[in-house]
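Engineer: Sequence and predicted model, in that order:
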Amino acid sequence: MNSDNTHSRDRNEVILKEDNYSLTDDLGDGFQDTIVLNLSNDGDIDENSIIEVSYEYLQDSRINIKKSILNTIRIITLFIVAGNFILSFVKFGFNLFWL
């Protein structure tokens with residue numbers, strides 16, 4: 001037994017084809033967060049077995065929406081800062097503006 005409380009186990013690795021599982025959105029947030037396994041009844045998986053799932057994250061489906069929101073926030077912030085400098089220059093003049 002290792003000192004970091006990990007156990008060595010025999011693992012049977014099974015790679016499923018895409019027709020044996022489906023990804024669903026159970027939370028309703030637009031992200032696929034649950035895997036539904038379509039396994040046959042003649043398998044040798046015991047009840048209450050632990051299934052480890054590994055996946056590769058490829059792309060965020062809402063990246064374009066997030067980019068447009070961030071760009072809008074950047075533009076609004078730029079206008080606020082630029083407007084602040086312009087109002088300070090108009091109100092206090094050039095001499096006090098640079099102090």
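Structural biologist: That came through, no problem.

Engineer: For this protein, which segments count as helices?
Structural biologist: 63-97 (DSSP state H).

Engineer: Output the below-cut-off pLDDT ranges for it.
Structural biologist: 1-14, 43, 58, 94-99 (pLDDT under 70).

Engineer: gap between residue 70 and residue 57?
Structural biologist: 20 Å (C-beta to C-beta, to the nearest Å). Every residue, glycine included, has its C-beta placed from N, CA and C.

Engineer: How about residue 66: what's its closest non-neighbour residue?
Structural biologist: residue 60 (7.3 Å; C-beta to C-beta, 6 or more residues apart in numbering).

Engineer: just the CA coordinates of stretch 64-80, formatted as PDB?
Structural biologist: Output of stretch 64-80 as PDB, limited to C-alpha atoms (Å, rounded to 0.1, in the frame of the first residue of the first chain):
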ATOM      1  CA  ASN A  64     -18.700  33.700 -29.300                       C
ATOM      2  CA  ILE A  65     -21.400  35.000 -26.900                       C
ATOM      3  CA  LYS A  66     -18.800  35.400 -24.100                       C
ATOM      4  CA  LYS A  67     -16.400  37.200 -26.400                       C
ATOM      5  CA  SER A  68     -19.000  39.700 -27.500                       C
ATOM      6  CA  ILE A  69     -20.100  40.400 -23.900                       C
ATOM      7  CA  LEU A  70     -16.400  40.900 -22.800                       C
ATOM      8  CA  ASN A  71     -15.800  43.200 -25.800                       C
ATOM      9  CA  THR A  72     -18.900  45.300 -24.900                       C
ATOM     10  CA  ILE A  73     -17.700  45.700 -21.400                       C
ATOM     11  CA  ARG A  74     -14.300  46.700 -22.700                       C
ATOM     12  CA  ILE A  75     -15.800  49.400 -25.000                       C
ATOM     13  CA  ILE A  76     -18.000  50.800 -22.200                       C
ATOM     14  CA  THR A  77     -15.000  50.900 -19.800                       C
ATOM     15  CA  LEU A  78     -12.900  52.700 -22.500                       C
ATOM     16  CA  PHE A  79     -15.600  55.300 -23.000                       C
ATOM     17  CA  ILE A  80     -16.000  55.900 -19.300                       C
END
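
Engineer: Nothing else from me, thank you.
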